[in-house]
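A.B. asks: I need the structure of the sequence given here:
(4 chains)
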There are 2 protein chains.
Amino acid sequence: MTPTIHDVARLAEVSIKTVSNVMNDYPHIRPATKQRVLDAIATLDYQPNLTARGLRSGKTGLVSLIIPDLRNAYFAELADIVVRAAEAQGLSVMIAQSNGDRERELSLILGPRMQMVDGILFSALGLSAADNDLLARIKTPMVLLGERILDGPKDHVTMRNVDGAQAATEHLLGVGRRRLVAFGADEAQGTGSAHLRLEGYRRALSAAGIAEDPELVVDVVGWYRSTGAESMRRFLERGVPFDGVVAFNDLIALGAMRVMQEAGLRIPADVAVIGFDDVDETRYTLPTLSTIDPGREEIVEVALRYLRERIDGSAADLPARDHLTAFRVLQRESTTPR
Amino acid sequence: MTPTIHDVARLAEVSIKTVSNVMNDYPHIRPATKQRVLDAIATLDYQPNLTARGLRSGKTGLVSLIIPDLRNAYFAELADIVVRAAEAQGLSVMIAQSNGDRERELSLILGPRMQMVDGILFSALGLSAADNDLLARIKTPMVLLGERILDGPKDHVTMRNVDGAQAATEHLLGVGRRRLVAFGADEAQGTGSAHLRLEGYRRALSAAGIAEDPELVVDVVGWYRSTGAESMRRFLERGVPFDGVVAFNDLIALGAMRVMQEAGLRIPADVAVIGFDDVDETRYTLPTLSTIDPGREEIVEVALRYLRERIDGSAADLPARDHLTAFRVLQRESTTPR
DNA sequence: GTGAAAGCGCTAACAC
DNA sequence: GTGTTAGCGCTTTCAC
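C.D. replies: Model prediction:
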């Protein structure tokens, strides 16, 4: 059988308390005793049972990351950073996928698995501000990612969506484009990123004294390459003249770029394109895609810090916090000035 | 405090054993009793403590997925399928990243976290057949993914690498190409996928009576877009004539395609390209990339079944099993016949 | 068909 | 500085 703390205690001729003390770096142990325990641990190849420790201490060392899905490169890259950062702090990451479905999100955050983790990083897509009172009742420490839920009862970390979209739009204006498509509007999303990014687009236009043309606001329901491609196909059929695209994420930008190029449009000569997210792939497409770097590293770093402070109680009496990360406009080939 | 099984028992006026029986669908319970318990559970909003259950039963309902990293679309899409399939069986997935580093892989599979999970899906990159005896000593159920470790002491699921590469190569020969680059060889990888895919390439050539030109075997160390791009850049500088590329994964194919197009080569007119993995992105690049679909769904389904059978003991006395999945050649624009 | 009691392996009071 | 003991919340013999 796998050795327990009792086996170690017996071999080292100490009590289990002393073994436990050694394992947990309790300071006041005689060096000789400590060494005996360490030797016993080594000879038995003892490893603490984390389940038992979790039951007793109430801390499992597990955090849950709830995201829509890993097929989306944005979330895969986010998960990559979360796993890296969590592991560096001795935490392990459980990943659950919601598909952006409200029911699934609910069953995940309300289900029994969640009391097995010390904290939750939750990128909500289906839940909204209407569910705030429900969120408030959740006792497991939780940090919200992304902007679907604002001013909620939980700590919240996101990028500056409005400013980011405004900067993206201004970037296109700066390279001489005037007929800019806002690509990725989604009424159904309500107050989500789509709404905020559209707001940023509008601010940039009005600051430049350009009247908004409703024909240039193009819906994309579901932000995937496929939906981006379809929406662009339909838009091109309408024959509306345009010379720039502000895509609300990289994937739909990529899907749209493919369709435009197929249709004979040259990028950036005929149409300049900028995306959102700085997904790795955007550095290798033809042309490379200009985009907004949302500061993912910072998002994860702050979110994990917030979570840790809620877990260890050091932020126990603070109200819900909000952190907006810095972003950067990354100019690449798709917005080269002509 | 959160209610325990005792609170439910008290409210339902039964013993905790009966509550436990109800929770675990024990058949012989009087319906009236069962209903009282169910009501008590509902009014208290009781949820079983999975950590306690795990300690007592020895099953946590957690499986660990160890992969090199989620930035690689192949592994992200694999993880997506694993999470979906596991959740459908009531299992949660812990994801750990090894970066393909042997030391890290060792500390992951040997560390204390692993005795917190019921089983491990392990896509090894750093470990090799030399570590077989070490693997044999691991008691936690484990299924190996990918082909780094063959004939090891654990169940193993992978695609038919040699056959897949042979089919990819034959596909290029079939569309009239003769000077085919084997793109992605990697001596350091030893017996890994690179080795097997190169073997398949060679078989196709010799079956077609074409002599292998060592100049056309191009190393790519690390299978990323960036390394694919760099290797192709260096290869082009050497001025070796070629008209087709068998890339050993999609990412290096994409990186290479970008570099070739930049250099003025037309795909597929001048160079036909086929990849490996059928990553989502390959459907939207310009041109779309022909590739080998490795049968990811099947890989996950079988791996999870093997793992389940090792966990519940139903495959306890079977020797390590090996499963090779079917693959498909997906023809897209990058290999259109001229 | 249901209850009493033990104990999974650990941490944390509290002794000494 | 180290040992004794209780108990985290659950499942599981074993009675009845």
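A.B. asks: Next to chain B, which bits of the stretch 201-338 of chain A? Give me the list.
C.D. replies: Within reach of chain B by C-beta under 8 Å from any C-beta of the partner chain, the stretch 201-338 of chain A has these residues: A:225-226, A:229, A:254-255, A:257-258, A:261-262, A:280-281, A:283-286. Heads up, the C-betas are built off the backbone N, CA and C, glycines and all.
A.B. asks: Make a ChimeraX selection of whichever of the residues you listed turn out to be buried.
C.D. replies: Here is the ChimeraX selection string for the buried members of those, based on 16 or more other C-beta atoms under 10 Å in any protein chain shown:
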select /A:225,229,254,255,257,258,261,280,281,283,284,285,286
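A.B. asks: In the residues of the stretch 201-338 of chain A next to chain B, find the pair that's most separated.
C.D. replies: The distance between the two most remote of these (C-beta to C-beta) is 23.5 Å, for A:262 and A:280.
A.B. asks: Residue A:273 is in contact with residue A:256, isn't it?
C.D. replies: Yes. Using C-beta atoms under 8 Å, residue A:273 is in contact with residue A:256, at 7.2 Å.
A.B. asks: Compare these two (neighbour count), which wins?
C.D. replies: Legend: neighbour count by other C-beta atoms under 10 Å in any protein chain shown for residue A:273 and residue A:256, higher for residue A:256 (32 against 28).
A.B. asks: any idea which element the more buried one lies in?
C.D. replies: helix A:250-262 (DSSP states H and E).
A.B. asks: would you put the C-alpha positions of that helix in PDB?
C.D. replies: Extracted as PDB, the C-alpha positions of helix A:250-262 are listed here (Å, rounded to 0.1, in the frame of the first residue of the first chain):
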ATOM      1  CA  ASP A 250      -9.200  37.900 -34.500                       C
ATOM      2  CA  LEU A 251     -11.100  34.800 -35.500                       C
ATOM      3  CA  ILE A 252     -13.900  36.600 -37.300                       C
ATOM      4  CA  ALA A 253     -11.300  38.900 -38.800                       C
ATOM      5  CA  LEU A 254      -9.500  35.800 -40.200                       C
ATOM      6  CA  GLY A 255     -12.600  34.200 -41.500                       C
ATOM      7  CA  ALA A 256     -13.600  37.500 -43.200                       C
ATOM      8  CA  MET A 257     -10.100  38.100 -44.600                       C
ATOM      9  CA  ARG A 258     -10.300  34.700 -46.300                       C
ATOM     10  CA  VAL A 259     -13.600  35.600 -47.900                       C
ATOM     11  CA  MET A 260     -12.600  39.000 -49.000                       C
ATOM     12  CA  GLN A 261      -9.400  37.700 -50.600                       C
ATOM     13  CA  GLU A 262     -11.400  35.000 -52.400                       C
END
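A.B. asks: which element follows it toward the C-terminus?
C.D. replies: Following helix A:250-262 in sequence, per DSSP H and E, is strand A:272-274.
A.B. asks: what residues does the helix or strand following that following strand touch?
C.D. replies: Next helix or strand after strand A:272-274 toward the C-terminus (DSSP H and E): strand A:291-293. Outside of strand A:291-293, the residues within contact range by C-beta atoms under 8 Å, 6 or more residues apart in numbering or on different chains are A:159, A:164-165, A:167-168, A:250, A:253, A:274-279, A:282, A:327-330, A:332.
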